[in-house]
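Q: With the input below, show me the fold.
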Amino acid sequence: MIKALDKWLLPYLKQCLTRQKTPVTDVMLAVCDHFEPFHDTDKDGALRRLSIWHKQLPEIVASASDHHGHGPKHTFFYPVEQYDNEVITSLAELCHLTRNETEIHLHHHNDTADNFRKSLDEGVQALRRHGLLGNNRDGQPVFGFIHGNWALDDSDPQGVGCGVRGELAILKKAGCYADFTMPSAPHRTQAPIVNQLYYSRSNLSGCSHHQGIRAAVGELGTRGLRDQEDRLLLLQGALSLDWSRRKWGILPRVENSDLNSNNAPTAHRMTRWMKSEICVSGMENWRFVKLHTHGGPERNHPVLIGKARQTFHNDLAALAKQSGFRLHYVSAREMVNILHAAEDGHTGDAGEWRDYIYSPPDCL
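A: Numbers count the residues shown, from 1 in each chain. Below is the predicted model:
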């Protein structure tokens, strides 16, 4: 069905009817980049793209600051099956220079569980050699994950792009602290759960993330779920209908939190992302805005490391001041730390909990 509406429209409409309209005190904003510098190019092209990022991303970081004085954050989810020492060295240097982070992205097709485990282990070790990936309280590496081709847990109905079921448990055992794949609409892999922070139990039937328990505060909440070996945290970006932008002047367009050459970040979009009310249940005043993009190809550079991004952050500062919320630019890791702090009942300034459980990578 067009835009995968059969998967997500009813859950979305139900959410619209039950919104609580709680005053917002804190907004966490993370940009999660499916960063593929080798997309449609060779190694020279990949390095050329990284040189552009080296030149322009520092300007973006210096162009604005949040409530704690942090510049805009950009988390690179690098496809570890495309590992190249020189390319990752450049990416690690960029992260060190701009105080940004790298996580794991992986494309695989007709794969097996054993090979998937091996790919994750090799990817973790490779990135760690460059000082990348955060650490848990025992000093072991942890990572956020985005599934290539959106096919998390063998969820593509055409049977492509994965092949591994029980994938969530494998990710958790490998050190994954959260999956950031959704939303994928208009792709056919879109899950029927939308605009949620939730835990899914891994199973061998596939599509485990199509069911779950919403992250919640307190003793009756979900803090105990994060330590269970067969449950993984799913952190979604906003998915909605935008009636202010209409196709053919009639049909609403889909807002899926994607930043691309045809859809730059704007204050109007930020308002819509916030209205999706992605939060920990019981802490509705803390909102989580997770955006995604593909920052490798040059066509998307103007909206990510050009004037459009600078304008967005300037307008966002004005929106935060006008609306009275604390804005926090966060990495994927920091966003999850703040989410867990909310589960544990911490209140007040959300930015105080950036390193709550998972500490920064060594390169920072």
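Q: can you map out the helices along the stretch 101-250 of the chain?
A: 113-128, 167-174 (DSSP state H, counting those that start in this stretch).
Q: Work out for me the element Val289 sits within.
A: Secondary structure from DSSP states H and E places Val289 in strand 286-293.
Q: next SSE after that strand?
A: Moving toward the C-terminus from strand 286-293, the next element (DSSP H and E) is helix 301-305.
Q: Can you list the buried residues in whichever helix or strand comes after that next one?
A: Note on helix 301-305: by DSSP H and E, the next helix or strand toward the C-terminus is helix 307-323. Across helix 307-323, burial judged by 16 or more other CB atoms under 10 Å covers 308-310, 312-313, 315-316, 319-320. (Each C-beta comes from the backbone N, C-alpha and C, glycine too.)
Q: again with stretch 188-208
A: The neighbour-count check on stretch 188-208 (16+ other CB under 10 Å) flags 188-202, 206-208 as buried.
Q: just for the chain, where's the confidence low?
A: Across the chain, the ranges flagged by pLDDT under 70 are 1-3, 220, 249.
Q: hey, what's Arg231 bridged with?
A: Beta-bridge pairing of Arg231 under DSSP bridges involves Arg201.
Q: Was I right to think it contacts Leu171?
A: No: between Arg231 and Leu171 there is no contact under CB atoms under 8 Å: 10.8 Å.
Q: Between the two, tell me which one has more neighbours.
A: Set side by side, Arg231 and Leu171 show more neighbours around Leu171, with 26 against 22, by other CB atoms under 10 Å.
Q: Please list all residues in contact with that one.
A: Residues counted as contacts of Leu171 (CB atoms under 8 Å, 6 or more residues apart in numbering) are 120, 145, 179, 232.
Q: got a markdown table for these, with distance to Val160 too?
A: Formatted as a markdown table, the contacts of Leu171 follow (distance: CB to CB, whole Å):
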| residue | distance to Val160 |
| --- | --- |
| Leu120 | 20 |
| Phe145 | 19 |
| Asp179 | 19 |
| Leu232 | 22 |
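Q: Of those, which qualify as buried by neighbour count?
A: Among these, those buried by neighbour count (16+ other CB under 10 Å) are 120, 145, 179, 232.
Q: List just the nearest of those residues to Phe77.
A: Phe145 (7.7 Å; CB to CB).
Q: Could you list which of the buried residues of stretch 188-208 belong to strands?
A: Residues of those located in strands (DSSP state E): 197-201.
Q: Leaving out sequence neighbours, find the closest residue to Cys127.
A: One thing to correct before we go on: residue 127 is Leu, not Cys. Leu133 (5.2 Å; CB to CB, 6 or more residues apart in numbering).
Q: Name the residues that touch the longest helix along the chain?
A: In the chain, assigned by DSSP state H, the helix with the most residues is helix 43-62. By CB under 8 Å, 6+ apart, the residues outside helix 43-62 that reach it are 37-38, 41, 71-72, 74, 84, 86-87, 90-91, 93-94, 97-100, 295-298, 301, 304-306, 309-310, 313.
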